[in-house]
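J.: whatever this is, show me its structure:
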Amino acid sequence: MIDLRGFVSSLVGLAVALVWAPSHSQSFPAKPVRIIVPLVAGGSLDTLGRLMAEKMSQGFGQAVYVENRPGASGDIGTGLLAKSPPDGYNLGVIGVGSISIGMLMRKLPFDPLKDLAPVSALSKSTLLIVTSSSSPFRSLPDLIAYAKSNPGVVNFGSIGVGTSQHLSGELLNTLAGINMVHVPFKGAGEANTAVMGGQIHISVSGGPGVIPHIRSGKLRALAVTDTKRSAALPDVPTVGEFVPGYGTSALLALFTTGGTPLEIVARLNSETLRVLRLPDVRERIASWGDEPDPTTPDELGRMLRADMQKWSDLVKNAGLRLQ
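T.: Numbers count the residues shown, from 1 in each chain. Below you'll find the model as predicted:
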């Protein structure tokens, strides 16, 4: 026979516990938070990740630290995030293009749409085509003319196969009618060092990794890949000024592990938006030639799907030669 008084007492106790128990979002974070950067130090993702970690530490009252886990065009670090506990304590600053293009080009060890939870877009990154200051290429037309006369001789570096940087170079190959050879690196720092050392002719890289070297005179900017000039380097032309129809950029975003409770994702999003509204953060991002781009988690999810479609159409319609 059921003990009704005991049953009712249990229900009342459960209700009280639910009312008074603190929510996940109220108690989060209760320990340090890790931001995984799936590339080596020195590039756009790393620079932005460290800026976010610094400011989020202040807002959370907990340590937020960066861990670089490079390799396999970012798949190792992103895969680590995808397989982490879904509790919000593991984040990743990831190039949206690297995962959306990756789905087209290689078998990923995770499903971006299921194993990653969008938090917010962080910034739109204008990419630059750079060469050594001692290079004979004084302009993008110089590079194109030489590449046409010497097929397969010019090489270009990127942060890995199947990244926005890689496809930006391949798109230039297709639309300019040239045949540069792709050389993948683990990160922008390695690629840019190779350019400055003369091991490769050019690299396609984000602003944080190259603008300091451009301003110091170690690198020469030939063009920006976006459809408009960069406010940080207004004298540098766009690729499209010489190659009609050209235009690419990279979206950098914050993700956590798929399955993380929605209230924790919301807490992460609110803190991210707070950081991106800070005047000093906006100034630092603008100094790299990038634009802060805060979004809701749902908006980032839609942007990821749109990016997948964009690159799929580009690969198909432009006949890009992928490795």
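
J.: quick check: buried residues in stretch 233-248?
T.: For stretch 233-248, burial by neighbour count (16 or more other C-beta atoms under 10 Å) applies to 233, 236, 237, 238, 239, 240, 242, 243, 246, 248. C-beta coordinates here come from the backbone N, C-alpha and C atoms, glycine included.

J.: what about the second one, which SS state?
T.: This means residue 236. Here residue 236 is coil, with the state taken from DSSP: H, G, I helix; E, B strand; the rest coil.

J.: thinking it is in contact with residue 230, fair?
T.: Yes. Assessed by C-beta atoms under 8 Å, residue 236 is found in contact with residue 230 at 6.5 Å.

J.: what is in contact with these two at once?
T.: 128, 224 (C-beta atoms under 8 Å, 6 or more residues apart in numbering).

J.: hang on, the earlier thing: among the buried residues of stretch 233-248, which pair sits farthest apart?
T.: Farthest pair in the buried residues of stretch 233-248 (C-beta to C-beta) is 233 and 243. Separation: 18.4 Å.

J.: top strand in this protein by residue count?
T.: Longest strand of the chain, by residue count under DSSP state E: strand 116-125.

J.: if you average the pLDDT over it, what comes out?
T.: For strand 116-125, the mean pLDDT works out to 95.

J.: can you give the strand pairings for it, parallel or anti for each?
T.: Each strand paired with strand 116-125, and its direction, by DSSP bridges: strand 250-257 (antiparallel), strand 291-292 (antiparallel).

J.: just the helices from the stretch 201-323 of the chain, written as ranges.
T.: Secondary structure of the stretch 201-323 of the chain (DSSP state H, counting those that start in this stretch): helices at 207-216, 262-277, 279-287, 297-318.

J.: want to throw those into JSON lines with mean pLDDT, mean neighbour count and distance to residue 84?
T.: Shown next, in JSON lines, are the helices of the stretch 201-323 of the chain (pLDDT from 0 to 100; neighbours: other C-beta atoms under 10 Å; distance: least, C-beta to C-beta, whole Å):
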{"stretch": "helix 207-216", "mean pLDDT": "89", "mean neighbour count": "21", "distance to residue 84": "26"}
{"stretch": "helix 262-277", "mean pLDDT": "98", "mean neighbour count": "19", "distance to residue 84": "13"}
{"stretch": "helix 279-287", "mean pLDDT": "93", "mean neighbour count": "14", "distance to residue 84": "26"}
{"stretch": "helix 297-318", "mean pLDDT": "85", "mean neighbour count": "16", "distance to residue 84": "17"}
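
J.: okay if I get these as CSV plus distance to residue 77?
T.: As requested, these are exported to CSV (distance: least, C-beta to C-beta, whole Å):
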stretch, distance to residue 77
helix 207-216, 17
helix 262-277, 18
helix 279-287, 22
helix 297-318, 17
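
J.: wait, which of those is closest to residue 80?
T.: Of these, nearest to residue 80 by C-beta to C-beta is helix 262-277, at 17.7 Å.

J.: for that closest one, the distance to its chain's centre please.
T.: A distance of 18 Å separates the centroid of the chain from that of helix 262-277, by C-alpha atoms, centre = their mean, to the nearest Å.

J.: what does stretch 258-268 give?
T.: Going by C-alpha atoms, centre = their mean, where stretch 258-268 is centred and where its chain is centred differ by 20 Å.

J.: same thing with stretch 106-122?
T.: Stretch 106-122 sits 12 Å away from the centroid of its parent chain (C-alpha atoms, centre = their mean).

J.: end-to-end on that stretch?
T.: 26 Å (C-alpha to C-alpha, to the nearest Å).

J.: what's near enough to touch residue 120?
T.: Taking C-beta under 8 Å, 6+ apart, one finds 253, 254, 268, 269, 272, 273, 276, 294, 295, 296, 297, 300 in contact with residue 120.

J.: return the member of those nearest to residue 61.
T.: residue 268 (14.6 Å).

J.: residue 171: which of the helices of the stretch 201-323 of the chain is closest?
T.: helix 297-318 (6.2 Å).

J.: now do that closest one: which elements does it pack against?
T.: In terms of contacts (3 or more C-beta pairs under 8 Å, 6 or more residues apart in numbering; DSSP states H and E), helix 297-318 is packed against helix 96-105, helix 112-115, strand 116-125, helix 164-176, strand 250-257, helix 262-277.
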